[in-house]
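Asks: dropping the sequence and predicted coords here.
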Amino acid sequence: MSPTPEQYQLARQARDARFDGRFFVAVKTTKIFCRPICPANLPKEENVEYFTDAALALQAGYRPCLRCRPDSAPNSWAWRGTQTTYERAMRFIEQGELQRTSLVQLSERLGISDRYLRQLFEKNLGMSPKQYDLYHKLMFAKQLLHSSSMSMTDIGFASGFNSTRRFNDAFKKALNLTPSELKRDASSVMNHQLIELSYRGGYDWQYTLDFYRLRSIKGLEIIDDNSYQRYVSIDDTQAWFKVVFGTKPNKVLLEFELEDVSQLKKLVVQVRRMFDLDVDIEFVEQHLEAIQPGVVIRSGIRMPGVWSAWEAGVRAILGQQVSIKAAINQLNLLVSTLQGENVSHFPTPQELVNTDLSFLKMPQSRKETLRRFAQLIASEPEADFAQWLALKGIGPWTINYAALRGLSEPDRFLEGDLVVKKARQHFTQLTAQNVSPFGSYATFHLWSHAG
């Protein structure tokens with residue numbers, strides 16, 4: 001539910017971090033808008049107005065605050081309840097979809113007409129989808145100007161602008177500043193392509209790294225004492241990234257290499273999802289502890305995701321009714337057989353369709369399930385979970401695991417998981433109903449009790 005005006009005021013006055021990213025405070029006297037946690041002196045209530053989205057504040061003529069930087073506020077869509085067509089459209093646009101496709105094509109993907117999509121945006125935001133896309137490109141550019149080592153030209157293209165001139169013109173028109181006025185001094189530019197990503201609350205990095213290390217694919221993923229790195233494919237282009245922890249409080253460092261710099265926004269969105277950087281973790285843990293005291297023995301556990309639902313689905317199928325070690329052995333066998341020593345990406349559905357899977361050391365029925373799954377995703381990349389369930393050999397556990405790790409859905413309680421079942425013998429108050437909407441976190445906390 002959206003906060004009331006009174007809640008907005010109380011949250012602003014208390015600088016409550018739980019509301020960071022959920023609304024923005026615009027000051028009429030300075031024409032600047034801030035996050036509710038901004039350290040600046042609090043303005044009088046009659047001098048402020050509230051916006052649920054930074055793009056709305058931009059449209060109303062406000063400039064983003066240089067102290068609290070609204071462009072770095074955590075995304076809040078995971079807290080807005082049931083997914084709707086409008087919310088899906090917003091997420092697609094925020095991920096840069098209109099940089100690669102037309103409004104008509106996006107509407108077709110959503111199953112509606114482009115006219116209806118424009119009506120939804122006018123009704124809910126008072127602006128067109130293309131305006132919303134422009135504002136998000138500008139906010140992403142501003143984030144890169146503040147926190148990356150990229151050149152001005154690369155920032156423009158990475159943000160979705162086709163030319164440096166269009167980038168400069170749009171930036172100055174919307175923010176009354178040129179990009180160069182915000183860019184750090186040349187002396188601070190680092191040798192590698194780097195971006196700082198922010199998060200709020202605690203983060204148990206050791207748990208995350210140990211979780212990834214136990215399930216890592218040789219040649220594709222490398223995990224050391226304070227970082228995770230891997231190769232990925234983004235829209236048929238190759239990419240590499242490395243996430244380094246502990247560089248600064250409430251920040252991680254993202255190092256990357258991209259064949260196509262325009263894919264940077266998609267990479268950032270995926271990395272934020274994989275490492276669960278947008279969750280209000282303290283609120284989640286308070287919710288779970290209120291239901292079952294003692295379930296949170298390690299504060300700061302977040303959801304360690306994988307690159308895609310496809311990858312999570314393959315991992316889940318290989319992990320059916322076997323230990324983690326046995327599943328990863330099969331996964332490494334699969335990847336090394338397909339790619340040899342030069343691993344560059346997770347196997348694609350088409351690669352599995354074209355491969356004789358007899359070399360896998362597991363029951364024939366599971367090999368057939370893997371092949372059926374690959375055939376489905378190869379022919380319908382956006383097949384939903386109902387289509388997955390229709391395949392012989394795929395059940396609720398596989399679907400929930402794929403949703404939990406491949407999409408980072410917050411409410412997937414794996415009550416049928418053997419480790420979860422065992423842990424629940426000691427935490428009898430936890431049910432799928434009362435841990436909602438944070439069932440995924442309950443799953444990870446119960447896993448943490450297994451050591």
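Replies: Structure received.
Asks: which residues does the residue positioned nearest the centre of the chain contact?
Replies: Using Cα atoms, centre = their mean, the residue of the chain that lies closest to the mean C-alpha position is residue 273, 2.1 Å off. Applying Cβ atoms under 8 Å, 6 or more residues apart in numbering to residue 273 gives the contacts 305, 408. Every residue, glycine included, has its C-beta placed from N, CA and C.
Asks: state the helix or strand in which it lies.
Replies: Using DSSP states H and E, residue 273 sits within helix 264-274.
Asks: now the helices for the stretch 151-300 of the chain?
Replies: 152-158, 164-175, 179-182, 205-214, 264-274, 281-291 (DSSP state H, counting those that start in this stretch).
Asks: for these, which has the smallest mean pLDDT value?
Replies: Lowest mean pLDDT within the helices of the stretch 151-300 of the chain: helix 179-182, a mean of 76.
Asks: what's next to the helix or strand of the chain with the lowest mean pLDDT, contact-wise?
Replies: For the chain, counting by mean pLDDT, DSSP states H and E, helix 179-182 ranks last in confidence among helices and strands (a mean of 76). Applying Cβ under 8 Å, 6+ apart, the external contacts of helix 179-182 come out as 141, 142, 145, 146, 152, 155, 156, 167, 168, 171.
Asks: distance of residue 225 from residue 418?
Replies: Here residue 225 is placed at a distance of 30 Å from residue 418 (Cβ to Cβ, to the nearest Å).
Asks: who has more neighbours, these two?
Replies: Comparing residue 225 with residue 418 by neighbour count (other Cβ atoms under 10 Å), the higher total belongs to residue 418, at 12 against 9.
Asks: over to that one: give its phi and psi.
Replies: Dihedral pair for residue 418: phi -60, psi -40, per degrees, to the nearest 10.
Asks: re earlier: what is the nearest of the contacts of helix 179-182 to residue 338?
Replies: residue 155 (36.3 Å; Cβ to Cβ).
Asks: can you tell me the closest non-neighbouring residue to the closest one?
Replies: residue 144 (4.6 Å; Cβ to Cβ, 6 or more residues apart in numbering).
Asks: next, the buried residues of stretch 247-255.
Replies: Judged by neighbour count using 16 or more other Cβ atoms under 10 Å, the buried positions of stretch 247-255 are 251, 252, 253, 254, 255.
Asks: hmm, the fourth one is touching residue 241, no?
Replies: Translated: residue 254. Yes. Applying Cβ atoms under 8 Å as the test, residue 254 and residue 241 come out as touching, 6.2 Å apart.
Asks: what sits in contact with each of these two?
Replies: residue 271.
Asks: phi, psi of residue 408?
Replies: phi 60, psi 40.
Asks: quick one, what contacts it?
Replies: Per Cβ under 8 Å, 6+ apart, neighbours of residue 408: 273, 274, 276, 303, 305, 440.
Asks: what about the fifth one, how many residues nearby?
Replies: The local packing count at residue 305 equals 23, with neighbours defined by other Cβ under 10 Å.
Asks: without its sequence neighbours, what residue ends up closest to it?
Replies: residue 274 (4.1 Å).
Asks: and that neighbour, how many neighbours does it have?
Replies: Residue 274: 25 neighbours (other Cβ under 10 Å).
Asks: what's the answer for residue 268, then?
Replies: Neighbours of residue 268 using other Cβ under 10 Å come to 23.
Asks: try residue 97
Replies: 20.
Asks: once you drop chain neighbours, what's closest to it?
Replies: residue 106 (5.7 Å).
Asks: so what's the one you found up against?
Replies: 89, 92, 93, 97, 98, 114, 117, 129.
Asks: swap in residue 209?
Replies: 223, 225, 226, 228, 245.
Asks: most neighbours among these, which one is it?
Replies: residue 228 (24 neighbours).
Asks: nearest residue to that one other than its sequence neighbours?
Replies: Per Cβ to Cβ, 6+ apart, closest to residue 228 is residue 243, 5.0 Å.
Asks: sketch out the low-pLDDT regions of this structure for me.
Replies: 1-3, 16-18, 72-84, 124-125, 182-192, 451 (pLDDT under 70).
Asks: domain parsing for it?
Replies: Domains of the chain are assigned by automatic domain parsing as 5-70, 82-188, 194-278.
Asks: switch those domains over to TSV; also include distance to residue 399.
Replies: Converted to TSV, these look like this (distance: least, Cβ to Cβ, whole Å):
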stretch	distance to residue 399
domain 5-70	29
domain 82-188	16
domain 194-278	18
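Asks: all strands for the stretch 251-400 of the chain, in order.
Replies: Using DSSP state E, counting those that start in this stretch, the strands assigned to the stretch 251-400 of the chain run over residues 251-258.
Asks: hmm, the residue nearest to residue 305 is touching residue 308, no?
Replies: No. Contact criterion Cβ under 8 Å: residue 274 and residue 308 do not qualify, at 10.0 Å.
Asks: in this structure, where's the longest strand?
Replies: When the chain is parsed with DSSP state E, its longest strand is strand 237-248.
Asks: now the end-to-end length of stretch 429-440.
Replies: 16 Å (Cα to Cα, to the nearest Å).
Asks: now do the contacts for residue 24.
Replies: 33, 34, 35, 36, 50, 51, 52, 53, 54, 57, 70, 73.
Asks: counting neighbours, what do you get for the second one?
Replies: Read it as residue 34. Neighbours of residue 34 (other Cβ under 10 Å): 26.
Asks: which residues does it contact?
Replies: 24, 25, 26, 27, 40, 65, 67, 68, 70.
Asks: quick check: the farthest pair among these?
Replies: So, those by Cβ to Cβ: farthest apart are 26 and 67, at 14.6 Å.
Asks: so between those two, which is more surrounded?
Replies: Neighbours per residue (other Cβ under 10 Å) separate residue 26 from residue 67, with residue 26 holding more: 24 against 11.
Asks: which SS class is the more buried one?
Replies: Put simply, residue 26 is strand when judged by DSSP: H, G, I helix; E, B strand; the rest coil.
Asks: that one and residue 43 touch, don't they?
Replies: No. Counting by Cβ under 8 Å, residue 26 stays clear of residue 43, with 9.7 Å between them.
Asks: so residue 324 touches residue 211, yeah?
Replies: No. Proximity of residue 324 to residue 211 does not meet the contact threshold set by Cβ under 8 Å, at 10.0 Å.
Asks: those two: who's more crowded?
Replies: Higher neighbour count among residue 324 and residue 211: residue 211, with 20 against 12, using other Cβ under 10 Å.
Asks: contacting residues for that one?
Replies: By Cβ under 8 Å, 6+ apart, the contact set of residue 211 is residue 304.
Asks: do the same with residue 334
Replies: Counting by Cβ under 8 Å, 6+ apart, the residues that residue 334 touches are 314, 318, 347, 357, 360.
Asks: from residue 299, how far out is the spatially closest residue to the first one that is not a sequence neighbour?
Replies: So the one you mean is residue 314. Using Cβ to Cβ, 6+ apart and skipping residues adjacent in sequence, the residue nearest residue 314 is residue 370, 6.9 Å away. Distance check for residue 370 against residue 299: by Cβ to Cβ, it reads 37 Å.
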